[in-house]
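Undergrad: sequence and predicted structure below; questions after.
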Amino acid sequence: MQAPPARHAPPLDRPGASDDAELGVENLTVRFQGLAAIDDVSLKMQRHEIFGLIGPNGAGKTTLVNCLTGFQKPTEGRVMMAGRDITGWAPTEFRRHGIARTFQAGRLFPEMSVLENAEVTGVGLGQSRRTAQAEAKELLDWIGLGDKLDVPASALAYTDQRRLGIARAMMLSPAFVLLDEPAAGMSDSECEDLMEIVQAIPKAFICGVLLIEHNMRVVMGICDRIHVLDGGKTLAEDVPEAIQRHEAVMAAYLGMEA
Ligand SMILES: Nc1ncnc2c1ncn2[C@@H]1O[C@H](COP(=O)(O)OP(=O)(O)OP(=O)(O)O)[C@@H](O)[C@H]1O
């Protein structure tokens, strides 16, 4: 893989997206037919860090990310960026203001080429085709897909589909990117590659990363801080070394892969 290009997110071209902007939720609750998928959770992340979000299946991780990207309206509480209440925004507004995400299921356009998949994101966000293509090529090169630009997304290996999902999310240099289980189904060496990519993002793009991941080697290896959810509630938030020693966290994960 090539070294990441020295690119920087233009800091003030989006409302609230200054270098020290924070993204977070305050007293967030999401109920589905009475069940609290998220129960009074508060957290805050910054643009220079990799922030892990972990918890057993059904803990509420995806629901929280859906709230942080406009895909889910909270029942109570607020979503905040740089001190601004952005709770009611639609997903496209979140994306236009520099909050991007990947999806567990990929959501690629299978018949379109790798390059077109990234390019179409830029065009959808208002770039000219030429600008979008140039940025897409640069990003795809960086992420290790530079030799597969013309390959249809459907023909990509699973891990390459994940890379393409990340490249698409990085179009227009977001201020924050939320990665939903990027290492799922990857081998150890593929995980190493992925960790290198994710680790480069905060410095190369001045972009905070929120990482949902079940692979504890990945989470403990690259996160600056980790927030643990269990049954929709915050169980702990701390640096990886402390989370690994946290008794309630260990109990919640008992029997799970460590
Ligand atoms: N649209 C929905 N309607 C009803 N219940 C939902 C909906 N989305 C999520 N839930 C429920 O909310 C809870 C939290 O789900 P969520 O997918 O956020 O957890 P998760 O931590 O991401 O789990 P996993 O690790 O398995 O992806 C679960 O009990 C789930 O069944």
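TA: Ah, there it is.

Undergrad: how about the residues of this structure by the ligand?
TA: Within reach of the ligand by C-beta under 6 Å from any ligand atom, the chain has these residues: Phe32, Ala37, Gly55, Asn57, Gly58, Ala59, Gly60, Lys61, Thr62, Thr63. In short, each C-beta sits where N, CA and C put it, glycine included.

Undergrad: the stretch 151-258 of the chain: strands as residue ranges?
TA: Listed in chain order, the strands found in the stretch 151-258 of the chain under DSSP state E, counting those that start in this stretch are 176-180, 208-212, 225-230, 233-238.

Undergrad: just to revisit the earlier point, check the residues of the chain next to the ligand and tell me the two furthest apart.
TA: When C-beta to C-beta is used, the two most widely separated members of the residues of the chain next to the ligand are Phe32 and Gly55, lying 16.7 Å apart.

Undergrad: compare neighbour counts for those two and give me the winner.
TA: When neighbours are counted by other C-beta atoms under 10 Å, Gly55 comes out ahead of the other of Phe32 and Gly55, with 23 against 11.

Undergrad: wait, that one sits on Ile243?
TA: No - counting by C-beta atoms under 8 Å, no contact exists between Gly55 and Ile243, whose distance comes to 11.3 Å.

Undergrad: which neighbours do these two have in common?
TA: Val228 (C-beta atoms under 8 Å, 6 or more residues apart in numbering).

Undergrad: need the residues that contact stretch 57-73.
TA: The set of residues external to stretch 57-73 that reach it, using C-beta under 8 Å, 6+ apart, is 23, 25, 28, 30, 37-39, 41, 53-55, 74, 79, 87-95, 99-101, 104, 178, 180, 210, 212, 229-232.

Undergrad: buried residues in that stretch?
TA: Residues of stretch 57-73 classed as buried: 59-70, 72 (neighbour count, 16 or more other C-beta atoms under 10 Å).

Undergrad: how about the helices of the protein, start to end?
TA: 61-68, 91-96, 114-124, 129-142, 158-170, 188-205, 216-222, 240-245, 247-253 (DSSP state H).

Undergrad: what are the phi and psi angles of the residue lying closest to Ala153 once chain neighbours are set aside?
TA: Distance criterion C-beta to C-beta, 6 or more residues apart in numbering; nearest residue to Ala153, sequence neighbours excluded, is Leu108 at 4.2 Å. In terms of degrees, to the nearest 10, the main-chain angles of Leu108 are phi -90, psi 160.

Undergrad: beta partners for the residue nearest the centre of the chain?
TA: A centroid search over the chain (C-alpha atoms, centre = their mean) returns Leu178, at 1.5 Å, as the residue closest to the centre. In this structure, Leu178 bridges to Arg101, Leu210 when assessed by DSSP bridges.

Undergrad: any stretches of this structure with poor pLDDT?
TA: 1-20, 105-106, 254-258 (pLDDT under 70).

Undergrad: what's the domain layout of it?
TA: Taking automatic domain parsing as the domain assignment, the record places the domains of the chain at 1-98+172-258, 109-167.

Undergrad: Gln110 contacts Gln161, doesn't it?
TA: Careful, residue 110 is Pro; it's not Gln. No - between Pro110 and Gln161 no contact is recorded; they are 9.4 Å apart, counting by C-beta under 8 Å.

Undergrad: neighbour count winner among the two?
TA: Neighbours of Pro110 and Gln161, each counted by other C-beta under 10 Å, are more numerous for Gln161; the result is 20 against 12.

Undergrad: separation between that one and Asp150?
TA: In this structure, Gln161 lies at 16 Å from Asp150, with C-beta to C-beta, to the nearest Å as the measure.

Undergrad: again, but for Leu64
TA: Summarising the geometry, the distance separating Leu64 from Asp150, computed by C-beta to C-beta, is 37 Å.

Undergrad: mind listing what's buried along stretch 141-154?
TA: With burial defined by 16+ other C-beta under 10 Å, the residues of stretch 141-154 counted as buried are Asp141, Trp142, Ile143, Gly144, Leu145, Gly146, Lys148, Leu149, Pro152, Ala153.

Undergrad: perfect, that will be all.
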